[in-house]
Structure formats: C-alpha cells, structure tokens
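> Pasted the sequence and its predicted model underneath.
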Amino acid sequence: MQHALTYQIALQLVPGVGDVLMKALVAYCGSAEGVFREKRHKLSKIPGVGMNTAASIAGFRDWERAESECAWVQQNGIRALFFTEAEYPFRLKHCSDSPGLLFVKGNMDLNARRIVGVVGTRRASRQGRARTAQFSLELAGYGCSIVSGLAYGIDAQAHQSAVEAGIPTGAVVAHGLDVLYPPSHHQLARNMLAQGGAIISDQLHGMKLSPEHFPKRNRIIAGLCDALLLVESMEDGGAMITADIAASYNRDVFAVPGRPDDPASAGCNLLIRQNRAALVCNAADMADMMGWTQQTTAAERQLPLFRQLNPEQQSIVSVLQQGNKSVDELFDETGISGSKLAHLLLNMELEGLIAQLPGMNYQLRT
C-alpha cells in the first residue's frame, strides 16, 4: 500500500500539473490518490485539465521516483505539508497559486500569530544591515517571527538578527532541501534551526538552483507573512517582485526610505512615492499601522548612579553624551558591528538607559 505522500508527490511530478491545477484535481477527486484512481474521461472534464493532461495522469509510471522522494522526506525528518492538511500555513491557503505541497526542515510554526517578511538587496550597505538588524530586534518585542530568502545582504542580516533576538526565522529557498545556497550560510542555517526556525521549499530534493525558481520562492515569502518589509532594494531587484506579489495577496507592504541619490534604495523610494508601500522608520511605525501591541512593556527605569556598563555600552553612552545621534552616526563613531549595535541599542532602550527618537535617532535618558 502506497503512502498518501507518495500520491501527493506523484501528482507534483505529472507533466502539465501545476499548483493551481493540482488543487482543482484534488477538489474534484477528494485526494491525490483519488486523482490517480479516477477514470481518464472524467478527469478530462475537470475545468483546466483536458485530454492531454488527463492522459498524462492516467499514464503516469514514475512511481519509483515518487516513492524514493517519500522515503527521503521521512528519513531526513522533513515535514511535507499538503495544502489540504491543517498544519499547512493558513496564510498560503488563501493564495491561489501557492504550493500544493510544501517541504519544511525545522520546527518553526508557519501558522504563528504574527509573521513578517523582510527582503532587500544582496549588496546591502552597512547602514542597510544596521537598519535590518534594528527592525528584526524590535519586531521581536511584538511577538513576530521573520521569513526571508537566505540570500546575501538584507536577507541574511534579517535571519541573523532574528536568531540573536531569540525569535523563529524561516528561510524560503529556491532548491531542494538536500542542498543549501549559498553554501557560506550553512552555519547561519544551523543556528536558525537550533533557534526553532525552518528551511522551506516547494522543490523536490535533487532539484538544483534555477532562475525560474526564484519568483516561485518569492511568492512563498509573500504568502507566508502578514506584512512585508523592504529595507534596501534597487528598482529592478528581486525584492520588488516580492513586493508586487505581496500586494496582489493583499499583504501590507512597508519600505524604509533611503537617500534620493542611492541606487540601493531606489526601489524602496519608488514604492513609497507611488503609494505602493508605507514609509516606516522603525518597527513601532509598522506595529501602529498593523494594530499590533507589544507583548511585554519594559518599565522605564532611571540609570542607577553606579550602574556597571560593559565596554560597548559605555562606548555608546560616551557618544550620546555629546548629543543625540542617529544609528548611522553611532555605527560610525563606536565601530560596533551593525547587528550587535542594534541588539545593544534595543536592550539599552528596554532597560531605560536610552530613548529612541523619530528617524532612528537616540538620546540618553536623564
């Protein structure tokens, strides 16, 4: 007796059966197994199927590959989520072109209360990385999980900062789960999984990276989240494609503004200018528009007279004693890495040592 997953994988292997048609076939036949047991002439009458696809289903013979994939999934502890199952992400269920079958490595709850997608350029600036870290760490205070694409630049920074903040983060990849791209992110992926995150794909194992897989990857990121944030993006970047898809799914799209003459922020500025994304400077701006409240509110406390600061905190305090500073100025004057700086600033703010002002500026509390 074949496993139900074998039929689901087999349906994905049938030529001419994409995600939309897969769902229609299952809706008419009751299950993936029911599709293969249905008579050819009845299959051909299902809207969108036709004689050729019905013949492909009836003549399917690649059961060995389907069974091999099923065994690989089970042996490697991969969660295979079919669109009819309760564990399948409910946000994706409402997207007409969402994957019929999703493969997940890791324990992240893809039906978490709040999920934010964070995307941007692979050639992120130091300021872009610092802003990404700041947003990721601040979103932790609102109980958000984060999804992105594990690419270089903004994606990797979003994942890394989520790990540092202790919140789950999911990476949607454009290849099978037997490999990882880019290879240099293996340690980051391990840290994500250890933190309760996940690696997510709609590709069978053995499927290599291919350009046409990236738009499919982007639609999963857009569909998994409640809101999408662009930090830095060129006008023709992949993040812009994700933003368009998110808008088509009725997701809220947010963008961090950049300098008018900065090509790396031209996409964000364009989205804001065309009212396709809301301008945000921090997570509080996003939360206000989303109607979110913080899960925990730290009471403001005065800095004790003899408070012991570590060297990095003291460095920040010394700079702020000169006057209010932006996060970029703190980055330049303290020499602290963008991710660590954002983490320190958030903790110092929660401890009542500093206060954040509009425009990601900071001041000492008095």
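Structure received. Values in this document were obtained by computation on a predicted structure and should not be read as measured data.

> show me where pLDDT drops low in the stretch 51-200 of the chain?
Counting by pLDDT under 70, not a single residue of the stretch 51-200 of the chain qualifies.

> Just the endpoints, please. Distance across stretch 191-208?
Taking Cα to Cα, to the nearest Å, stretch 191-208 runs 23 Å from one end to the other.

> again, but for stretch 58-67
Taking Cα to Cα, the first and last residues of stretch 58-67 lie 18 Å apart.

> Give me the phi and psi for the closest residue to residue 348 other than its chain neighbours.
Excluding the flanking residues, the one nearest residue 348 by Cβ to Cβ, 6 or more residues apart in numbering is residue 354, at 4.8 Å. Where you see a C-beta, it was placed from the backbone N, CA and C, and this is true even at glycine. Phi and psi for residue 354, reported as degrees, to the nearest 10, are phi -130, psi 170.

> and residue 354, what are its bridge partners?
Beta-bridge partners for residue 354, by DSSP bridges, are residue 364.

> which stretch of helix or strand covers the closest residue to residue 17 other than its chain neighbours?
Take residue 17 and drop its neighbours on the chain: the residue closest to it by Cβ to Cβ, 6+ apart is residue 11, 6.1 Å away. Residue 11 belongs to helix 4-13 when assigned by DSSP states H and E.

> Quick one: name whatever helix or strand follows that helix.
Note on helix 4-13: by DSSP H and E, the next helix or strand toward the C-terminus is helix 19-29.

> Report all helices and strands that that next one contacts.
If contacts are counted by 3 or more Cβ pairs under 8 Å, 6 or more residues apart in numbering; DSSP states H and E, helix 19-29 sits against helix 4-13, helix 32-37.

> same question for that helix, mean pLDDT?
Across helix 19-29, pLDDT averages out at 94.

> Pull out the buried positions in that helix.
For helix 19-29, a neighbour-count test (16 or more other Cβ atoms under 10 Å) marks 19, 21, 22, 23, 25, 26, 28, 29 as buried.

> these two touch, right, the residue nearest to residue 17 and residue 33?
No. Using Cβ atoms under 8 Å, residue 11 is not in contact with residue 33; the gap is 9.2 Å.

> the more surrounded of the two?
Higher neighbour count among residue 11 and residue 33: residue 11, with 24 against 18, using other Cβ atoms under 10 Å.

> ok, which stretches of the stretch 251-366 of the chain are strands?
Counting by DSSP state E, counting those that start in this stretch, the stretch 251-366 of the chain has strands at residues 252-255, 278-279, 325-326, 354-357, 361-364.

> coming back round to it: would you quantify the distance from the residue nearest to residue 348 to residue 330?
10 Å (Cβ to Cβ, to the nearest Å).

> Tell me who's in contact with the nearest residue to residue 106 once chain neighbours are set aside.
Nearest residue to residue 106 in three dimensions, chain neighbours excluded: residue 198, at 3.4 Å (Cβ to Cβ, 6+ apart). Counting by Cβ atoms under 8 Å, 6 or more residues apart in numbering, residue 198 makes contact with 104, 105, 106, 107, 108, 110, 168, 170, 171, 192.

> coming back round to it: between the helix holding residue 11 and helix 19-29, how big is the angle?
Inter-element angle recorded for helix 4-13 and helix 19-29: 130 degrees (by axes from the mean of the first three to the mean of the last three Cα atoms, to 10 degrees).

> Quick one: residues in contact with helix 4-13.
Here helix 4-13 has contacts from 17, 22, 25-26, 31-33, 35-36, 60, 62-63, 65-67, 69-70, 73-74, 80, 82, 100-101, 204, using Cβ under 8 Å, 6+ apart.

> List the buried residues in the lengthiest helix in the chain.
If you go by DSSP state H, the chain has its longest helix at helix 126-140. Residues 127-140 are the ones in helix 126-140 that count as buried (16+ other Cβ under 10 Å).

> What angle do helix 126-140 and the next helix or strand after that helix make with each other?
With elements assigned by DSSP H and E, the helix or strand that comes after helix 126-140 is strand 144-148. Here the directions of strand 144-148 and helix 126-140 differ by 140 degrees (the same axes, to 10 degrees).
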